[in-house]
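1. Could you work out the structure for the sequence below:
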Amino acid sequence: MTTTRVPQSERTRVMRLRLLEAAVECLLERGWAGTSTTLVSQRAGVSRGAQLHHFPSKEALVLAAVEHVAERRTAELAVAAADLPAGEGRTRAVLAMLADHVTGPAFTAALELWVAARTDRTLMAAVAPLEQWLGRQTHRTTVELLGADDTDEAQRELVQATLDLVRGLGLAATLSDDRRRRDRVLDRWARVLDDQLPGSPR
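-> Model prediction:
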């Protein structure tokens with residue numbers, strides 16, 4: 001009986017992914033200050049030496065985790081967008097999707113990095129451009145889903161206001177679970193969008 005040998009490149013990819021996922025989990029549970037390379041390697045089931053080979057410092061590990069989180073958030077949004085209904089109720093469904101996007105674990109992990117980056121120039125240098133890229137991607141997706149005309153200043157501002165609104169609701173959700181109030185706010189904003197965006201399904 002012969003066994004198939006896993007290529008070194010695949011073993012490396014899997015190990016890096018385990019370390020990145022473990023770093024995100026530590027950020028969620030312990031925050032930036034409570035995250036260490038030792039904890040991450042233990043959670044990932046990776047030796048300290050192997051972890052240091054791939055990521056020689058906490059900064060290198062977390063900077064890679066920043067990019068991993070950004071990619072994960074983009075992928076989650078794309079999957080959710082594919083399941084949206086067409087016709088009546090679509091606008092409210094888009095808002096629900098965006099609200100879920102900013103109350104999930106990927107957003108919470110990113111939030112930990114935002115707070116840490118405020119006083120860490122190295123981290124800020126990595127977080128800022130990634131968040132700008134993610135913001136552009138999310139804006140573009142929201143424009144398409146709402147049927148907005150991004151060349152029209154008023155419609156573009158409505159889309160940006162939508163993203164600012166759901167981000168604020170996401171921040172509030174980290175302090176308390178107020179889903180009923182959030183649902184009322186989103187219900188009201190869906191009616192505003194349906195009234196103001198010509199391409200929005202009624």
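2. who are the neighbours in contact with the most centrally placed residue in the chain?
-> Computing the C-alpha centroid of the chain and ranking residues by C-alpha atoms, centre = their mean puts Arg73 first, at 3.4 Å. With contacts defined as C-beta atoms under 8 Å, 6 or more residues apart in numbering, Arg73 is in contact with 101, 106-107, 110, 134. Just so you know, the C-beta spots here come from the backbone N, C-alpha and C atoms, and that holds for glycine as well.
3. rerun at 7 Å
-> Counting by C-beta atoms under 7 Å, 6 or more residues apart in numbering, Arg73 touches 106-107, 110, 134.
4. Can you tell me which of those residues end up in helices?
-> In helices, defined here by DSSP state H, the members of the contacts of Arg73 are 106-107, 110, 134.
5. Dump these to JSON lines, plus pLDDT.
-> As requested, these are exported to JSON lines (pLDDT from 0 to 100):
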{"residue": "Ala106", "pLDDT": "75"}
{"residue": "Phe107", "pLDDT": "80"}
{"residue": "Ala110", "pLDDT": "80"}
{"residue": "Leu134", "pLDDT": "83"}
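6. most neighbours, which of those?
-> Ala110 (24 neighbours; other C-beta atoms under 10 Å).
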